[in-house]
Structures are given as structure tokens and as C-alpha cells.
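Novice: compute the structure for the input listed below.
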Amino acid sequence: MEQLICRLSLCILFISTLSACLSPITLNRAVMAYDEAVVNADAKQLLVNIARARHHQPLHFTRVSAIAATFNFSANAGASPALTGAHGGMLVPIFGGGVSENPTFSIEPIAGEEFTQRLLAPFSQHKFTLLLRQHFDVDLMLRMMAQEVTLLNLPAIQLDKKHEDRVRLPQQRYSQKITYYNSPSDREGYEMFRRVALHFSAIQDQKQLYAEPLMFERSWTIPAGAVSAEGFQSLQKEFTVRYNQKGGTYTLSKQVSGPILITNYDPDTLRVKEVEDLYSLANSLIDNDVIFDIRSGYVGGEWTLRGSFRLRSFHAILNFLGHSLGEEPEYHVEKDSRTPPILRDENPINTMEILVSNKPIPNTELSAHLDGQYYAINTKEPDAHWNQNAFQLLYILFRLTVTEAKSLALPITIAK
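Specialist: Next comes the predicted model:
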């Protein structure tokens, strides 16, 4: 009898230990499964909305706002007489257990102010620079994110000091300002845009493309009598303070971070006058403009360029990709003769090649279905790497649009 009690005690201990081990295993499996489900849902939404844009249908997104799952672990044990007949009264232990899962998903449509901020607002220059520092191909980024490029041509005749003072706007210092649109329907604009993007890619391939905020110094002069001892100590924390004994004034100076500047040289080598000129040019632009200055004497300097890229909204990106499947197909554009060699001669026709078929597309990692047609990213050579990076960039851009805007739409809760 004592031996039986000992065995039952060991069984109970084993079951409780088994239940404790199953809990983290089940939790890890569930977290990974839900994470994969949410990522796949977002990715398929992107493909479906590109297909909608192709047919000029309204774009629509829903997001998973919450996932709650309850896990119930149960275990039981017992004993049953063994089938030994008349030869003894041996008991056989019986073990049992179970796991039940009750997930609850809350999804809500992206609407109202959130729709405006996430889909309609253009991307800022700072988000563009953030992605550029993640080593994305600048050619890919520009083709997907920029809707136009504006080139400024320097005047043939240099203005003297007298005439420079009469130039009130930075744009007036240039003899010509031309905007080229990143749209295949505008043949001249599209081809120039592609050539400019390829030129930047060639510079990036040689690791000579800089994207840094334009740093400049601002200064203010105030009377010395207007500053108390406490105020002077406070000013020294934020400014460089110089005392002018002759004039009885303090000169306050401070390094200020300006707009993002893309160059083929180190921006720290710029002279003060050059910084002021570029800052005055950038100051007339908006937050979704990215200025650039490609100079001679450096990599890519055979084709000097100065101007700005204007960035799209996420809604405009989806429309661009969708229209490229039908009415505005992209086509090959050769690089400019002044552009340095491009690594692996990488210059795909499509910003992101999407396969369209009336039947399921085999050997694809991700596909979507809309109106009787199937859509999938082309992951076959020779442009497999480019297309995969393009879709990764598109997904990151979608995640970058996440804001703290509170949705007024009612969430939809699904419980199992």
C-alpha cells in the first residue's frame, strides 16, 4: 500500500511539472503565431490596395488594435485496475491533460484624422533620411517615395554685390527652375527623374553620398545691461557668449540644425556663405522636400546638380504602384552618360514588380486575391533581391505612418 501511495505522489508531481512546462511553450507558440498572422494580414492588405488602386477603387485599411488570449491548462490523474485476471490487484496509473485557447481580436478601420495622417500626409525629409541610413538603395527609395524632382540651374553671369542685394527670393538667383515628374505618362519628366535617381545611386555605390542636416550658426546681439547675473549663467548653458567691451553688448551664438541636405561631399567643409545660401534655398521649401547639392570635384561631379525632391504620401505611393500595372507601365531608362558605373548595373524596369494572373500564382511567398485575379511579388531572378527590398520598404513605410491619432471609428471585436 505504501508503494502505491508513493507512486501516486510521483504521478501527481509529474503532472504538475508537465503543466508548468507546457505554459511557456504554449505562450511562445501563440505569440509567434499571432505575430505572423498580423504581419501577413498587413502585407496582404498592401497587395490588395495596390490592386484596388490599379482599378481606381477606394483604398481601405483596417488594423489590429488589440489581441487578448486566455489559456486554460488542465491536468488529471487516476488509477485503474490492470487486466491481470486472478493473478493480482495491480493498479495502472492514468494521466490526462488539456489546453484550451480563447483569443479575442479587436480590429478597426483606419478613418478620420488617422486616415489623413497615415495615408494622405506626405512623408517628411527626416523619415526619408532615417530610411537612407538603413542602407536602402537611394534609387529604390526615390522611385517609390518621390513624386518629382526640381533642378535649379546656376546663372551664367555671376551677380555683383549691388545686384545680389536686389534678389529677394533664393529662386531668383537661378536662371532656370524645371520640375520633372516621376510619372511614366510624362515621358520627358519620367526619364529625367530616373536618370537623376540613377546618378545618386552610382554615388551611393561608392559610399560617397552624404545625407546630413545642414548645420549653421545663428547669432544675436543684446545690451550687456539687459542681462542679470542669473540670466548670464542661464545663457551660457545654451549659447556661446562673447562680450563686446567697446559696444557694451553680448553676442550670443548657437549651432542650429537645419533641413536635410544630400551631397557628394562632406557638408562640414562648407563655408559660412555657402551654408547661408543653401539654407535660404531650403527655407523656401516645405518639410516633405529634400534638397541636394552635387558638386564638381567629387564622385559624380561630372554632372553637377542642385535642387530638391518632393516626397509623396503613402496613398500616392500605392496609386503609383497600382497604375504601373495598367495604364502607366514603367519602362527602361538608361543612365546619363555622365553618371559613374552602377554596381551590378542594377536598373530594374519596375519600382516593384507585381505578377498578375487569373489563377493562383505558384512558388510565391505572399499573394492576394481581388476581383477574380491573383497578385504576388515577383521573387524570381534577376530582380528578386530588388523586389523583395521594395516590398520590405513599402511595409516599413506603412509602419512609419503610425500616428497617435485617436480613431473615432468603432472597433470590431472578434472572439472565438
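
Novice: where in this protein is pLDDT low?
Specialist: By pLDDT under 70, the low-scoring segments of the chain are 1-27, 30-31, 34, 65-103, 105, 154-175, 229, 232, 284, 402-416.

Novice: now do the strands in it.
Specialist: With DSSP state E, the ranges of strands along the chain come out as 62-81, 91-109, 146-153, 176-181, 210-223, 240-244, 249-263, 289-294, 305-311, 354-357, 367-370, 373-377, 412-415.

Novice: who touches residue 266 in this structure?
Specialist: Neighbour list for residue 266: residue 210 [criterion: C-beta atoms under 8 Å, 6 or more residues apart in numbering]. Heads up, the C-betas are built off the backbone N, CA and C, glycines and all.

Novice: quick one on the thing from earlier: out of the strands of the chain, nearest to residue 324?
Specialist: Counting by C-beta to C-beta, residue 324 lies closest to strand 354-357 out of these; the figure is 8.2 Å.

Novice: tell me the spacing between residue 354 and residue 341.
Specialist: 29 Å (C-beta to C-beta, to the nearest Å).

Novice: again but with residue 333, I slipped
Specialist: Taking C-beta to C-beta, one finds residue 333 at 16 Å from residue 341.

Novice: give me the more crowded residue out of those two.
Specialist: More neighbours surround residue 333 than the other of residue 333 and residue 341, with 18 against 10 (other C-beta atoms under 10 Å).

Novice: contacts for stretch 298-309?
Specialist: Residues contacting stretch 298-309 (C-beta under 8 Å, 6+ apart): 142, 146, 148-152, 154, 177, 196, 199-200, 202-203, 206, 208, 264-265, 282, 285, 289-296, 336, 338-340.

Novice: please put the alpha-carbon coordinates of it into CSV.
Specialist: What follows is stretch 298-309, C-alpha atoms only, in CSV (Å, rounded to 0.1, in the frame of the first residue of the first chain):
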residue,chain,number,x,y,z
TYR,A,298,33.8,64.8,-56.1
VAL,A,299,32.4,61.5,-57.1
GLY,A,300,29.5,62.1,-59.6
GLY,A,301,30.7,65.7,-60.1
GLU,A,302,30.8,65.3,-63.9
TRP,A,303,27.0,66.1,-63.7
THR,A,304,26.5,68.9,-61.2
LEU,A,305,23.0,69.0,-59.8
ARG,A,306,21.2,71.3,-57.3
GLY,A,307,17.6,71.2,-56.5
SER,A,308,15.0,69.2,-54.4
PHE,A,309,12.9,66.1,-54.4
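
Novice: from the rest of the structure, what touches stretch 390-402?
Specialist: 42-43, 46, 117-119, 121, 123, 127, 131, 136, 140-141, 144-145, 314, 317, 321, 351-352, 366, 377.

Novice: try stretch 351-361
Specialist: Residues from elsewhere that reach stretch 351-361, judged by C-beta under 8 Å, 6+ apart: 47, 50, 140, 143-144, 320-321, 324-325, 330, 364, 367, 372-378, 383, 387, 390-391, 394.

Novice: just those residues: which are in helices?
Specialist: When those are checked against helices (DSSP state H), the matches are 47, 50, 140, 143, 144, 320, 321, 387, 390, 391, 394.
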